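*Asks:* attaching a predicted model along with its sequence, questions to come.
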Amino acid sequence: MEEIGKIIIVTQKTWLDQLIERFNTKEQAKFYLEHQGINFSDYQNSHDVYHSSLKDVKRSIPKNQKYQVIDKSFLPNFLFNKDNLVVVLGRDGLVVNTAKYLEEQPILALNPDKSRIEGILLPFEASEFKQQLDMIKRGDASFNQITLAEASLNTGQSIIGVNDIFIGHQSHQSARYVIRFRDFEEQHSSSGIIVSTGLGSTGWYKSIITGALGIANSFRSLDMEPLLEHEFKSPWDSNYLHFCVREPWSSKISGSNVIYGRINSNDTLEVESQMPEQGIIFSDGIEKDFLEFRSGTIARIFLSEKKTTIVVKS
């Protein structure tokens, strides 16, 4: 990338931070946990490791380099500049939450606690930050493009999905809608639709497939072979999306034929709401940040022109 104007470090509250917010002091939080028979030291150790990693990252930033630390709660209203390098320090979900609000800015994702965080989306440990920063400045770093999903409504609103987009009922009860894909159209009553990107193919999408296969094989009295990674996992930069209908209900007026498909770059999945109230669309598990999807609203879901860039190991 070109010269880094400012490094933006995105952080998240530890479990202990959240407990202190709830109980006002660390002592009260400790008393509550120990009264419940829970080991407080696990919370304290995790907190200490996270903040130690944050200190290490900040100490590694050159003195002449501008930087700013923000909590993830500020992401929806934070204005990123094109010359920002965005450093994410937290759990895997923080990478997804951050990517939603970026344009062309690359993400350097750091695992602050390898002993506790799996880090599928966190290629580097905090101790590798300085090395990767130097490589980015020299132009030697490796990057990967992440394909995003987009839902555009006939109301003019839109939403981006880094992992996935959910279309359904706010309470996850029966959602009623008309689904249109290629030459097929069907009226549905279901638990909603999941549209997954390649990045999200190991998440909600995978769990839907695993559950469906397990139930189907149980009815057929067969032992289910475990899913192999290549059967469900798509590359982060794949030029397609997948959609799955959750728990479709067949009746006199609702069908269950259009329940799975691959949305290619020239495809659009169209969903027309038949829910007078509580129809919603949200992305990446953030239910508070949703679009209303009431009767008369039509959503068109497709591959977004926008992409996210993440630094990966060479």
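*Replies:* Yep, it's here.

*Asks:* could you pull out the strands for the stretch 1-150 of the chain?
*Replies:* For the stretch 1-150 of the chain, strands defined by DSSP state E, counting those that start in this stretch occupy the ranges 6-11, 67-71, 84-89, 106-111, 124-125, 142-153.

*Asks:* which one of these lies nearest to residue 215?
*Replies:* Of all the strands of the stretch 1-150 of the chain, strand 142-153 sits nearest to residue 215, with 26.3 Å by Cβ to Cβ. Just so you know, the C-beta spots here come from the backbone N, C-alpha and C atoms, and that holds for glycine as well.

*Asks:* what strands flank the closest one, and is each parallel or antiparallel?
*Replies:* strand 158-161 (antiparallel), strand 298-312 (antiparallel) (DSSP bridges).

*Asks:* next, the buried residues of it.
*Replies:* 144, 146, 147, 148, 149, 150, 151, 152, 153 (16 or more other Cβ atoms under 10 Å).

*Asks:* contact partners for the second one?
*Replies:* Right, the one you point to is residue 146. For residue 146, the residues meeting the contact criterion (Cβ atoms under 8 Å, 6 or more residues apart in numbering) are 99, 162, 197, 198, 199, 236, 237, 307, 308, 309, 310.

*Asks:* what's the closest of the residues you listed to residue 268?
*Replies:* Nearest to residue 268 among the contacts of residue 146, with distances taken as Cβ to Cβ, is residue 197, at 15.6 Å.

*Asks:* that closest one and residue 308, how far apart?
*Replies:* Going from residue 197 to residue 308 by Cβ to Cβ, to the nearest Å gives 10 Å.

*Asks:* shared neighbours of these two, anything?
*Replies:* The contact lists of residue 197 and residue 308 share 146, 148, 162, where a contact means Cβ under 8 Å, 6+ apart.

*Asks:* the spatially closest residue to the second one that is not a sequence neighbour: how many residues sit nearby?
*Replies:* Distance criterion Cβ to Cβ, 6 or more residues apart in numbering; nearest residue to residue 148, sequence neighbours excluded, is residue 304 at 4.2 Å. By other Cβ atoms under 10 Å, 19 other residues sit near residue 304.

*Asks:* surely residue 304 and residue 160 touch.
*Replies:* Yes. Using Cβ atoms under 8 Å, residue 304 makes contact with residue 160 at a distance of 6.0 Å.

*Asks:* and for these two, which residues touch both?
*Replies:* Joint contacts of residue 304 and residue 160 (Cβ under 8 Å, 6+ apart) are 148, 149, 150.

*Asks:* let's see stretch 109-128 as PDB, backbone CA atoms only.
*Replies:* C-alpha atoms of stretch 109-128 as PDB (Å, rounded to 0.1, in the frame of the first residue of the first chain):
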ATOM      1  CA  ALA A 109      -5.400  -9.100  12.100                       C
ATOM      2  CA  LEU A 110      -3.500 -10.100  15.300                       C
ATOM      3  CA  ASN A 111      -4.300 -12.800  17.700                       C
ATOM      4  CA  PRO A 112      -3.700 -11.400  21.200                       C
ATOM      5  CA  ASP A 113      -4.000 -14.700  23.000                       C
ATOM      6  CA  LYS A 114      -3.200 -17.800  21.000                       C
ATOM      7  CA  SER A 115      -3.900 -20.100  24.000                       C
ATOM      8  CA  ARG A 116      -7.500 -19.100  24.100                       C
ATOM      9  CA  ILE A 117      -8.400 -17.800  20.600                       C
ATOM     10  CA  GLU A 118      -8.600 -20.100  17.700                       C
ATOM     11  CA  GLY A 119      -7.700 -17.400  15.200                       C
ATOM     12  CA  ILE A 120      -8.900 -18.700  11.900                       C
ATOM     13  CA  LEU A 121      -9.100 -15.100  10.700                       C
ATOM     14  CA  LEU A 122      -6.100 -13.900  12.700                       C
ATOM     15  CA  PRO A 123      -2.900 -15.000  10.800                       C
ATOM     16  CA  PHE A 124      -0.400 -13.300  13.100                       C
ATOM     17  CA  GLU A 125       0.400 -13.100  16.800                       C
ATOM     18  CA  ALA A 126       0.800  -9.700  18.400                       C
ATOM     19  CA  SER A 127       4.500 -10.300  18.600                       C
ATOM     20  CA  GLU A 128       4.700 -10.300  14.800                       C
END
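
*Asks:* okay then, goodbye and thanks.
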